[in-house]
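Trainee: Next one to model:
(2 chains)
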Amino acid sequence: MTRRIKIDNATWLLAGLALAIAPHAARLPVWITLLCLGVGAARLFSARLPVRGLLAAIAAAAALGVYGSYHTLLGRDAGVALLVVMLALKLMEIKSLRDSMLAIFIAYFLVITHFLYSQSIPTGLYLLLTVAVLSAALIGLNYPGKPLDTRKRLRLTAVLMGQAVPVMLVLFVFFPRVPGPLWGLPGDAYEGLTGLSDSMTPGSISKLSQSGAVAFRVAFDGSPPQPGQRYWRGPVLDSFDGRTWSAGEKPGWKADPVGVAGKPVGYTLTLEPHNKRWLLALDLPASLPTASSLSATYELLADAPVRQRLRYHAVSHTAYLAGADIGAAQRRRALRLPPGYNPRARELAVSWRKSAQDDSEIVRRALALFRDASFFYTLRPPLLGENSVDDFLFNTRRGFCEHYAGSFAFLMRAAGVPARVVTGYQGGETNPLGAYMIVRQSDAHAWTEVWLKNRGWVRIDPTAAVSPQRVESGLAAALPEGEPVPMLARLDSAWLTQLKLAWDTFNNRWNQWVLGYGQERQYDFLSRLGLEMASWKELAVGLAVGVGALLLAFSVFMLRHPKTGTADPAAVLYRRFCSKLARAGVVRKPGEGPQDFSRRVAGLRPDLAARVNTISKLYVALRYQPHPRPAWLQRLKELVRSFKA
Amino acid sequence: MHTAIDHAVSQAGQIILGKERQIRLAFACLLAHGHLLIEDIPGVGKTTLAHVLAQTLGLDFRRIQFTSDLLPADILGVSVYDRESAAFKFHPGPIFAQLILADEVNRATPKTQSALLEAMEEHQVTAEGETRMLPEPFFVIATQNPMHQIGTFPLPESQLDRFLMRIELGYPDTRSERALLQGEDRRSLIAQLNPCMEIGQLVALQQSVRAVHSAPALLDYIQSLLEFSRQSPLFDCGLSPRAGLALLHAAQAWALMEGRDYAQPEDVQVVLPGVASHRLRFARSESGMERTSPAACLLDAVDIP
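Mentor: Below you'll find the predicted structure:
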C-alpha cells in the first residue's frame, strides 16, 4: 500500500509560477525578485488578500519601478520584467478559479519568453518541467470534486503532454517558415552576444579567448586543411590611431580579383549569432553564400547582422594571389600611421628600410626579431604605456596575438611596407563523433597581411614566430604552465574530452535540426517526403489538414475503444460477441439492452435466433443476477468462441 | 406472487383498452411506493384509470376535484365545535384515504397544491397544530391537463419531482376505439370489478420490490444515465438523486412484474420515460429537438456498460 501524498492546487500553482519566474530572476533587477519572493511567501503563509485599492497602488508603483529600471516599458527586458511583476501581483488577487486559470496562462506565456534568451537543450528541458508543473496545477483546478491525489495528477499530466507530442511534431515540421523572422525580436535581444569586434586594442582578443563559447562549427566536404592553413578570416583592421586598430571608414575601392591555385576547399559553416555582419570564411573565400558580399579587404559580409544561427556553404582556396596590383589609394591607406607615438619602433623600422634590399627582407627581419629576442606568449600581458608598441617591443615583451599582430603591422607601415591587421579565428577542434570541427571564441586570433610586389597581400602571422605551437596545436598547448586556460580549450583527460565532444555533437544536431530547421531545411525535408517546393500557404493548409487528421484519428480511436471502466469478463465476452454480429451486419446500438438486441437479431436473422438468445440470456444472468455461477462464464466463453454469424 | 399482478393488469386492460404499457407502468409506480401523475387532454381515461387501479387493488378510494377556490382545509379536514362534548372535533378531509385521485391538480392555488404535496411526501398531515398519520398504503394519483388554460397554476419542478412517474395515455388505436364504442358503459364495468389482492398482499409486494437484486452493472448504467443528464449541455438541469432512486425502484418494480428477482437494463429503459420526462427539459438553445423526448434522447446517448 503506497502512501498517498496530497498536495493542494495552490501549492502546485505557486510551484509552477516559481519555476516559470526563476530563470528570469538572474536577469531582472533585484527588487523584482524580492517582490516575487515576498508575494509568494505571503500567499504561502497567509490567506489574507490586500484591499483592492492598495493592490492597484502597488501595481502602479511596480510599473513605475520597471520604467525606472529600464527607462522604457517596451523591448524584451522591460517587457519580461513587467510581465513578471504583474504575474506576481496577480497572485495577490487570486480569489476565484478564473483568477487561478489566468495566472497559469500568463505563466505559460512567460515560459515562452525564456526562449528569447536561450534556446539550448537544458533550457528546453527545464521549461518542459515547468510546463508539466503548470499543467498539473491546471488539471487539479479543473478536476471535479475532491482534491486530486498526486500520483493521479502526475499520470494525467503525463497523458496530456504525451497526447500533445504528435501535434507538436506536426506543427514543428509543417508550420510555415516565412523567410526572415515572423516578427522582429526587440532590439535589445541581442546584447551580450560574444564575438569579434571591429576594433582591436591590446587585451581585447585575450579577453575573448577566455570564453569557451562556440563561435562556429564547420563540416568540410573533403578532408580538412592542415592546421597551419586553418585561418578563418574575420574583420580586417587597417586603421591605427596610436593605440587601437579599427576598420576605419569604408574603403573607396573594389576588391581586386583573386588568382587561385590548388584544390578548392568546400565546407558548411554554422555560425553562432554575433550581431555583426561578417561571416567567417577560410582564408581566402572564393564563392559567396547567398545574401552576402565580399568587401574590399576580402571580408565576407552578410547583408544583415547575424542574429540567428546561420548555416552556409562556402568554397575557399588556401593558395591564392590577392591584389597583385593595388591602387595608390589602397597603398596610401595601408601605410597610414598617426604622427608621433612609438619613436623607438619607428627608428628601428627606418633603419631596416635603409639597409634592406626589398620589402621581403624587412618582413624577415621583423619576424627574426620576434623569434630571437625573448618574447613570451601569454594571456596575462602587463599593461602598456602611451607608446604601446615601443613599450611592448623593448620593455615588456610579453603579449598575446593582438600585441604581436599590432606591433608587427606598425613596424611594417613605419618601414614603408603596406600592412594591415586581420582578425578571425585560427585552428579548431575536430569532433570525431560528429565529423565536424568546433571553433570556439578561445580560438580568436589576430594576424597581419603585408603587401609584397608580385605576391600581393601575403598573410604573415607574427604569433607563429613567437609560439609556433599556437598555430599548430592550439591555444592550450601554446600557453605556459599556470596560465588560466578557458575551461573548454583545456587538454583534459580523455574521458572528459570524450564527454565534452559527445555533448557538443548532440548540441550540434539540436542546432542543425531543431533550431536550424528554417525555410531551407523545411523545403529540403518536405521534398524528401515528395512535397516539392510547397509554398507557405500550401504548408498552412497541410498543417491544418495534418492536425485535423491526427485529431480525427484520435477521436475514431476513442470512439472505437470506449473506456468502459469495467473489467467484467462477461462484458468483455459479450462485446466480442457483439462485434462478431456487427461484422455480419447486425450492429448493436450502444444503448440497446441485451434482451432487446437478442429479440431484434431474432427478427433480422431467424437462423441465429436460438444461439443469440442463449448467449444473451447467459450474459444477462452473469451480469445482473444475484449469484452468478462461475460455470456460466465458462459456458459463455465457449459459446462466444464457437459463435459464427 | 406476480400472478396477482398479472391478473390485476389484465383486469384493468379490459376496461382501459389498448393501453397495457401505461397500465403496467402505473402498477409499477404504485408497487415502487410512488405517486403517479397522469397528464393528458380531457376524456382519454385518466380518471377511469385511477378508478380501475383503486378497484383492482382493493383500496379505499377518494376523488378530490381541484378547483381554484379549493382550500387546504377542504383536503385535510377541519375541526368543528361539538356542542355535546364541548370540544373541537376533527373532521378528517378526503385525504385520509388509501388512494386519492387529485383531479386537475393544476387548477388549485399553490397553497392548496402544497398541502397535498406535503401529505404525499411525509405520509402525514398537520392540521391545526396536530400531526395525523395517513393510512398505509397511501397513494396519490394526480391528473393534469397539459393544454395551457387560463387560471391554472402549473406545478413547479420541485413539486413535480415528488411524483415518481408521469405518464401520458394518448388516444386509443382504431381497434380499441371500436371496442370502446361498441362495448358497455365503462362506469358500470368498473362497478363490477373485483379486487385482485388484499392490502397485506400489496404491502408484501411493495417489500419484495425493494428486494429485487440490482447488480453493480445495473447501478453503473443508472449512474451513467444520471451523469450524462447532468453533464450534457442538452438539458437544462440534470436528474436529481431522488430521480435516481425513483429510476432504480421503478425498474425493480418492473422487473418484479416481469417475474424476475433481478433488474436488467431493459427495465430501466422501459420506466425511464415515465420517471424522467417530467424532470428533464431540453435546454432552450437546443432547438430542433422537439420531435424526440428528452428521455429518448438520454437513452440513445448513454451506452449500457
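
Trainee: What number of residues are in the vicinity of residue 275?
Mentor: Assuming you mean chain A. Counted with other Cβ atoms under 10 Å in any protein chain shown, residues neighbouring A:Asn275 total 14. For every residue, glycine as well, the C-beta is placed using N, CA and C.

Trainee: should've been chain B
Mentor: Other residues lying near B:Val275 total 30 when counted by other Cβ under 10 Å.

Trainee: Does it touch B:Arg242 like I think?
Mentor: No: with contact defined as Cβ atoms under 8 Å, B:Val275 does not count as touching B:Arg242 (10.3 Å).

Trainee: can you tell me which helix or strand A:Met412 belongs to?
Mentor: helix A:401-414 (DSSP states H and E).

Trainee: Now do that helix, average pLDDT.
Mentor: The average pLDDT within helix A:401-414 is 89.

Trainee: again with stretch A:340-352
Mentor: 87.

Trainee: circling back: what is the distance between the helix holding A:Met412 and the centre of its chain?
Mentor: 37 Å (Cα atoms, centre = their mean, to the nearest Å).

Trainee: C-terminal to that helix, which secondary structure element comes first?
Mentor: Counting by DSSP H and E, the element after helix A:401-414 in chain order, helix or strand, is strand A:419-426.

Trainee: who does that next one touch, helix- and strand-wise?
Mentor: strand A:231-237, helix A:401-414, strand A:444-452 (3 or more Cβ pairs under 8 Å, 6 or more residues apart in numbering or on different chains; DSSP states H and E).

Trainee: okay, those in JSON lines with distance to B:Arg187 and mean neighbour count next?
Mentor: JSON lines is the format used below for these (distance: least, Cβ to Cβ, whole Å; neighbours: other Cβ atoms under 10 Å in any protein chain shown):
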{"stretch": "strand A:231-237", "distance to B:Arg187": "114", "mean neighbour count": "25"}
{"stretch": "helix A:401-414", "distance to B:Arg187": "122", "mean neighbour count": "27"}
{"stretch": "strand A:444-452", "distance to B:Arg187": "114", "mean neighbour count": "25"}
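
Trainee: Save the ones you listed as TSV, and put in distance to A:Leu138 too.
Mentor: What follows is the helices and strands packed on strand A:419-426, written out as TSV (distance: least, Cβ to Cβ, whole Å):
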stretch	distance to A:Leu138
strand A:231-237	49
helix A:401-414	55
strand A:444-452	47
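
Trainee: Switch the ones you listed over to JSON lines; also include distance to chain B.
Mentor: Formatted as JSON lines, the helices and strands packed on strand A:419-426 follow (distance: least, Cβ to the nearest Cβ, whole Å):
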{"stretch": "strand A:231-237", "distance to chain B": "65"}
{"stretch": "helix A:401-414", "distance to chain B": "73"}
{"stretch": "strand A:444-452", "distance to chain B": "66"}
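
Trainee: wait, which of the ones you listed is closest to A:Val620?
Mentor: Nearest of the helices and strands packed on strand A:419-426 to A:Val620, taken as Cβ to Cβ: strand A:231-237 at 82.3 Å.

Trainee: hang on, the earlier thing: quick one, the helix holding A:Met412 and strand A:419-426 angle?
Mentor: 160 degrees (axes from the mean of the first three to the mean of the last three Cα atoms, to 10 degrees).

Trainee: Okay, angle between helix A:401-414 and strand A:231-237 too, please.
Mentor: Counting by the same axes, to 10 degrees, helix A:401-414 points 60 degrees away from the direction of strand A:231-237.

Trainee: Tell me what angle helix A:401-414 forms with strand A:444-452.
Mentor: Angle of helix A:401-414 versus strand A:444-452, following the same axes, to 10 degrees, is 20 degrees.

Trainee: you'd agree A:Trp457 is in a strand?
Mentor: Yes: remark: A:Trp457 belongs to a strand, assigned using DSSP: H, G, I helix; E, B strand; the rest coil.

Trainee: contacting residues around it?
Mentor: By Cβ atoms under 8 Å, 6 or more residues apart in numbering or on different chains, A:Trp457 lies in contact with A:Tyr298, A:Ala322, A:Gly323, A:Glu449, A:Val450, A:Trp451.

Trainee: what's the farthest-apart pair in these?
Mentor: With distances taken as Cβ to Cβ, the most widely separated pair in these is A:Tyr298 and A:Val450, at 14.4 Å.

Trainee: Close to chain A: what parts of the stretch 151-300 of chain B are there?
Mentor: Contact residues, the stretch 151-300 of chain B versus chain A (Cβ under 8 Å from any Cβ of the partner chain): B:213, B:215, B:217-218, B:220, B:261-266, B:269, B:299-300.

Trainee: who wins for most neighbours among those?
Mentor: Using other Cβ under 10 Å as the neighbour criterion, B:Ala263 leads those with 29 neighbours.

Trainee: Quick check, that one in contact with B:Val212.
Mentor: Yes: judged on Cβ under 8 Å, B:Ala263 makes contact with B:Val212 at a distance of 5.6 Å.

Trainee: Show me whatever sits in contact with both of the two.
Mentor: With Cβ under 8 Å, 6+ apart, B:Ala263 and B:Val212 have common neighbours B:Gln252, B:Ala255.

Trainee: before we move on, the earlier item: looking at the contacts of A:Trp457, spot the one nearest B:Gly43.
Mentor: Of all the contacts of A:Trp457, B:Gly43 sits closest to A:Tyr298, with 108.1 Å by Cβ to Cβ.

Trainee: What is the three-state secondary structure of the nearest residue in space to A:His317 that is not next to it in sequence?
Mentor: Spatial nearest neighbour of A:His317, chain neighbours left out: A:Val260 (4.0 Å); criterion: Cβ to Cβ, 6 or more residues apart in numbering or on different chains. Judged by three-state DSSP, the three-state class of A:Val260 is strand.

Trainee: if we look at the sheet, which residues does A:Val260 bridge to?
Mentor: Beta-bridge pairing for A:Val260 (DSSP bridges): A:Tyr320.

Trainee: For it, give me its contacts.
Mentor: Listed by Cβ under 8 Å, 6+ apart, the contact set of A:Val260 reads A:Ala286, A:His317, A:Ala319, A:Tyr320, A:Leu321.

Trainee: among these, which ones are buried?
Mentor: Taking 16 or more other Cβ atoms under 10 Å in any protein chain shown as the criterion, what is buried in the contacts of A:Val260 is A:Ala286, A:His317, A:Tyr320, A:Leu321.

Trainee: Mind telling me what element B:Arg132 is part of?
Mentor: Using DSSP H and E, B:Arg132 sits within strand B:130-133.

Trainee: which residues sit against the helix or strand following that strand?
Mentor: For strand B:130-133, the following helix or strand on the C-terminal side (DSSP H and E) is strand B:139-144. With Cβ under 8 Å, 6+ apart as the test, strand B:139-144 has contacts from B:26, B:30, B:35-40, B:46-47, B:49-50, B:53, B:59, B:98-106, B:116, B:119-120, B:155, B:163.

Trainee: Quick one: mean pLDDT for strand B:139-144?
Mentor: The average pLDDT for strand B:139-144 rounds to 88.

Trainee: Got the domain ranges for chain A?
Mentor: Chain A breaks down into these domains under automatic domain parsing: A:9-142, A:199-489, A:569-642.

Trainee: Got the domain ranges for chain B?
Mentor: The record's domain parsing of chain B by automatic domain parsing lists B:2-201, B:213-301.

Trainee: what's the most buried one of those domains?
Mentor: Of the domains of chain B, the one with the most neighbours on average (mean count of other Cβ atoms under 10 Å in any protein chain shown) is domain B:213-301, at a mean of 19.

Trainee: Looking at it now, give me its mean pLDDT.
Mentor: The average pLDDT for domain B:213-301 rounds to 85.
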